[in-house]
Structures are given as C-alpha cells and as structure tokens.
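In: structure for this input, please:
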Amino acid sequence: MKHPPFTALLAGVAAFALLLPATAAHAASEPDSAADAVAQTISEVAPSEIVAADLAPVSSGVAATLDGGGQTHVATDPSDGIEVVSADGTDVLSFTLPAAGRLDDAVVAEDGSVTYLGDAKTPSVNVVAAEDALRVTTVIDSPAQAQRFSYDFGAGATVEIQEDGGAIAYVVEQVTDPETGETVTAEKIVADVEAPWAKDANGVDVPTRYVASGSVLTQVVSHAKGMHAYPVTADPTFDRPNFFQYRVRFNRAETATIASGGAGVIASIGCGPMLPVCVLAGSVLWWNASNAQNSSPKRCVQITATYPYLTPGLIWWVDTYRGGPCR
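Out: From the prediction side, this is the model:
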C-alpha cells in the first residue's frame, strides 16, 4: 500500500470479497486441475503470498467477506467482472476483467483462488481474495499473447497514475456541508492499486507499467520482445477501498493563499464538510503549500481523509500533486 508523506495514516490493508454464482457452488467444492496449475504458476513467482478467504456460493458466483464487513462479487461469467459492496449492500466499486469475452467461466482452485481460463491467444486471469487483499493476475503463455490488460471502473470514474507507479480510481461528488450549506467538489476514492509487477517463469522481472485513459486502467507488460521464460505473470493488487475516503484538491490560487496565509485562511478555501480535517491539518497544509509554491514545475496541495475499518477515528494525510486542477 502506498504511504503518502506527512501521513497520519495507519495503513488500511487491502481487502476484497469474492462472489461467484450459486451455479459455481459445485465448482467451488471440486477444485479444477487447470485452475490449480494457474495458481501454482503464480505462487512460484509472486513477490508476496495472499491467502484466499473461505468462499461462499451466492446467486452469481462465490463470496468472501472483508475483515471489516462488505463483500466483493466475482461472477462466474467473466463479463460480469468484479463488484465491491459495503456491509449495507451499497455498491462501492466495480471493474471489468481483461479480455473477458474470450475467457471461460470461473473455476476454483484448491488454494481457494478463482480462475478464468484463457486459450492459445488469451491469457488466463486468476483472482484471489483474502480478508485483507485482492489480487488479479494474468498468466501469459507465449509471446503471441496480449501485452495490454485493461480494467474499466465504469462511467463517472477517473483513473489516475500515482508517482510511485500505482494508481487510484475516483469519482467526483458534490458534497454539501449540512451546517453552512456550502457545496464543494470532492473526489471519492473507490480503488487504490499498488504499483504493478510482472515476472517470468524464472522469477525475472518483466518490464511493466500502468497507463490510464478516463475510467480505464491498463497494465502494459512488455514481454514479447524480451528473452523471457514463459509463462509470464502480471499482477495488479487492489487495496480495499474504505467506504469513506475523500480527497480535496486545491488549485494554484488556493495553494498560494494557503502558503501566504497559513492556518488562518483555512476556513476560506472551500473545504466544506472537510473543514474540521483542514483545520486539524492546518500547519501541515501550510507546510506542503509552501513547498508547492517553491517547486519547479509548480505543484499544488491536497488533503485526503478516511475512516479505516479496524482503527477507530478519522485518518488524514496531506501531500502535493501535479496536473488536474493544479493550474
């Protein structure tokens, strides 16, 4: 998980729950040998181990429960993708799987992971959901197979590549302060994706990166022209989104105001219902805004707040950014 500078964050660990349809109940109780082979390939090179949570059959697939409540639905039909819901059933996040239309229906391996098998032209996709992690891995069998693997977070979402190579997906919401009636634009973070990795069958790193276009996150795995041993595995790991996680970004003028006026101007810069957090973070906002003012190229300041599942109280952190409203 990324740890931003000046964080008060007690890093919430990744977690998603899996849901495959009731029709997959039989498959869930009888692990598939081809799925076992895919799972074994991944376990031999993955940089960290993720232990799958127990799966429960549901109407569209199987389910694994998050350690703080809520579930992620991983459907039997790969075209239905993955959906994360909160404990009260509120839809929080959904995204598609790479080349879903060319994958077989889901089968469950002995280790509890779920695999959508591919073919000679299409890499298989493996999903493992623990109580505190979700990993989606493509297993590439030959140089003839794809080098780009896309995950679409749907209408209204925007994907942003982070400086450490990871990514977030967020939706923009108009949030109104019930006390003042002030409305501000805030970004609700619905997905936090760790920096990508890709390895060949010998554990050798394969060049990989994320690119973003609107609501789509694409992992590029440059395996075809290298001297790589197949299969090649490539992995985005998703941190579980907290069901309250918002970010407020300040533009160049607002950053300059904070830098020049310090904590005394916080109430005037459009924090809305995030105002208590902005006040609490006043000196840290000022420090980061001052650094942003002196940076080249110019940067702006932003603040993120979240309620973690397992740690009581509000967590916030401040850092700087480029692009977007920073103009």
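In: ok, which stretches of the stretch 101-250 of the chain are strands?
Out: Remark: strands of the stretch 101-250 of the chain, listed N- to C-terminal, are 106-108, 114-116, 124-130, 133-140, 148-152, 157-161, 167-176, 183-193, 197-199, 208-213, 216-221, 232-235, 237-239, 245-249; assignment by DSSP state E, counting those that start in this stretch.
In: mind giving me the packing neighbours of the first one?
Out: Right, the one you point to is strand 106-108. Contacts defined by 3 or more CB pairs under 8 Å, 6 or more residues apart in numbering; DSSP states H and E place strand 106-108 against helix 25-29, helix 33-45, strand 114-116. For the C-beta atoms, the positions are set from N, CA and C on the backbone; glycine is no exception.
In: I'd like these laid out as a markdown table, including distance to Ser215.
Out: Putting these into a markdown table (distance: least, CB to CB, whole Å) gives the following:
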| stretch | distance to Ser215 |
| --- | --- |
| helix 25-29 | 31 |
| helix 33-45 | 27 |
| strand 114-116 | 21 |
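In: would you mind finding the most buried of the ones you listed?
Out: strand 114-116 (a mean of 29; mean count of other CB atoms under 10 Å).
In: packing partners of it?
Out: Other elements packing on strand 114-116 under the criterion 3+ CB pairs under 8 Å, 6+ apart are helix 33-45, strand 106-108, strand 124-130.
In: still on that earlier bit, tabulate the helices and strands packed on strand 106-108 (JSON lines), appending mean pLDDT.
Out: Rendered in JSON lines, the data for the helices and strands packed on strand 106-108 read as follows (pLDDT from 0 to 100):
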{"stretch": "helix 25-29", "mean pLDDT": "36"}
{"stretch": "helix 33-45", "mean pLDDT": "94"}
{"stretch": "strand 114-116", "mean pLDDT": "95"}
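In: Thr137: which of the ones you listed is closest?
Out: When the helices and strands packed on strand 106-108 are compared for distance to Thr137 using CB to CB, the nearest one is helix 33-45, at 5.2 Å.
In: let me see the mean pLDDT of whatever helix or strand comes next after that closest one.
Out: The C-terminal neighbour of helix 33-45 among helices and strands, as given by DSSP states H and E, is strand 56-58. In this model, strand 56-58 carries a mean pLDDT of 85.
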